[in-house]
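**Student:** here's a sequence, model it:
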Amino acid sequence: MADTTPNADIVLEADRLLGAAAAADVPVRLVGGLAVRAHLPAGTQPVITREYKDIDLVTLKGRGRAVSAFMAEQGYEADRVFNTTNGHRRLLYYDVPHQRQVDVFVGAFEMCHSIPITERIELHPTAVPLAELLLTKMQIVELNAKDQSDIVTMLYHYDVNDADDGSINAKRVAALCAADWGLWRTTKMNTERTREALKAGAPEVREVAEPRLERLWQAIEDAPKSGRWKMRNRVGDKVRWYEEPEEVG
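**Tutor:** Sure thing, here's the model as predicted:
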């Protein structure tokens, strides 16, 4: 019988959960810093190392009940009040002995902006696609150091082109930004922040990541914008363009 005790090492625990989910046919994928790590080739360490506090997952709409049963089997305690109220979009579980939290986004990733993160969930066995993963970082209005490091890490380790195989799909990123002015605006802000972070960082990282960032932004700018997008653009920053995400746990 498989061990269902959460591992003290968060990286090993994420691997355990994803393996058990695949065996149980429960469709979950990593998002967040551990997802950035999961995309790296075996044996590769992120160019910028950081601690991982919690495990973030996504699942398909309508599979929340299966995820709840699975997480209980894996030794996690549900936040019953939160899950009862928010289970259609988000679920919360605790690894009590290790004081860790597992956040499960259901159907879409909704924080400062909404990203259709599960539309292409089948592209990678353990993590969401790189394009959507990058946007989960670019959509953060109050960007902190760990999220900035994840953006730089992704741009260093993964090329930017119009494909998904080990690359950041600029066409996908651009299409999502072209469909949502608010997402475009926050991505623009974080592109500027990332330029500054690269200038202040290691030259060898900047040499690789900077041209990729510029190719990505050029793709975003070149993507055709809808009439609705252009109308919202006229309003600009006069009206708040993002949601303030709630803190949970």
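**Student:** Gly166 reaches Tyr158, doesn't it?
**Tutor:** Yes. Under the criterion of C-beta atoms under 8 Å, Gly166 makes contact with Tyr158 at 6.5 Å. C-beta here means a position set from N, CA and C on the backbone, and glycine is covered the same way.
**Student:** so which bits of stretch 210-227 are buried?
**Tutor:** Neighbour-count burial for stretch 210-227 flags Glu210, Arg212, Leu213, Arg215, Leu216, Trp217, Ala219, Ile220, Ala223 (criterion: 16 or more other C-beta atoms under 10 Å).
**Student:** can I get it as PDB, trimmed to CA atoms?
**Tutor:** Output in PDB follows, covering the C-alpha atoms of stretch 210-227 (Å, rounded to 0.1, in the frame of the first residue of the first chain):
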ATOM      1  CA  GLU A 210      16.800  40.300 -21.500                       C
ATOM      2  CA  PRO A 211      16.400  39.500 -25.200                       C
ATOM      3  CA  ARG A 212      13.800  36.900 -24.400                       C
ATOM      4  CA  LEU A 213      11.800  39.400 -22.400                       C
ATOM      5  CA  GLU A 214      12.000  41.900 -25.300                       C
ATOM      6  CA  ARG A 215      10.800  39.300 -27.800                       C
ATOM      7  CA  LEU A 216       7.900  38.400 -25.500                       C
ATOM      8  CA  TRP A 217       6.900  42.100 -25.100                       C
ATOM      9  CA  GLN A 218       7.100  42.700 -28.800                       C
ATOM     10  CA  ALA A 219       4.800  39.800 -29.500                       C
ATOM     11  CA  ILE A 220       2.300  41.200 -26.900                       C
ATOM     12  CA  GLU A 221       2.400  44.600 -28.600                       C
ATOM     13  CA  ASP A 222       2.100  43.200 -32.100                       C
ATOM     14  CA  ALA A 223      -0.900  41.000 -31.300                       C
ATOM     15  CA  PRO A 224      -4.200  42.500 -32.800                       C
ATOM     16  CA  LYS A 225      -6.400  44.200 -30.200                       C
ATOM     17  CA  SER A 226     -10.200  44.100 -30.200                       C
ATOM     18  CA  GLY A 227     -12.400  47.100 -30.300                       C
END
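**Student:** so for it, mean pLDDT?
**Tutor:** Per-residue pLDDT values over stretch 210-227 give a mean of 97.
**Student:** cool, stretch 25-38 as well?
**Tutor:** Per-residue pLDDT values across stretch 25-38 average out to 97.
**Student:** same check, this time on stretch 159-179
**Tutor:** On average, stretch 159-179 scores 96.
**Student:** what is the end-to-end distance of it?
**Tutor:** One end of stretch 159-179 sits 24 Å from the other (C-alpha to C-alpha, to the nearest Å).
**Student:** under the pLDDT cut-off, which ranges of the protein? List them.
**Tutor:** For the chain, applying pLDDT under 70 flags the ranges 1-3, 249.
**Student:** one more time with 80
**Tutor:** 1-3, 246-249 (pLDDT under 80).
**Student:** domain-wise, how is it divided?
**Tutor:** The chain breaks down by automatic domain parsing into domains covering 1-127, 129-237.
**Student:** strands - which of the buried residues of stretch 210-227 land there?
**Tutor:** With strands taken from DSSP state E, there is no overlap with these.
**Student:** related to what we said a few turns ago, of Gly166 and Tyr158, which one has the most company?
**Tutor:** Tyr158 (21 against 13; other C-beta atoms under 10 Å).
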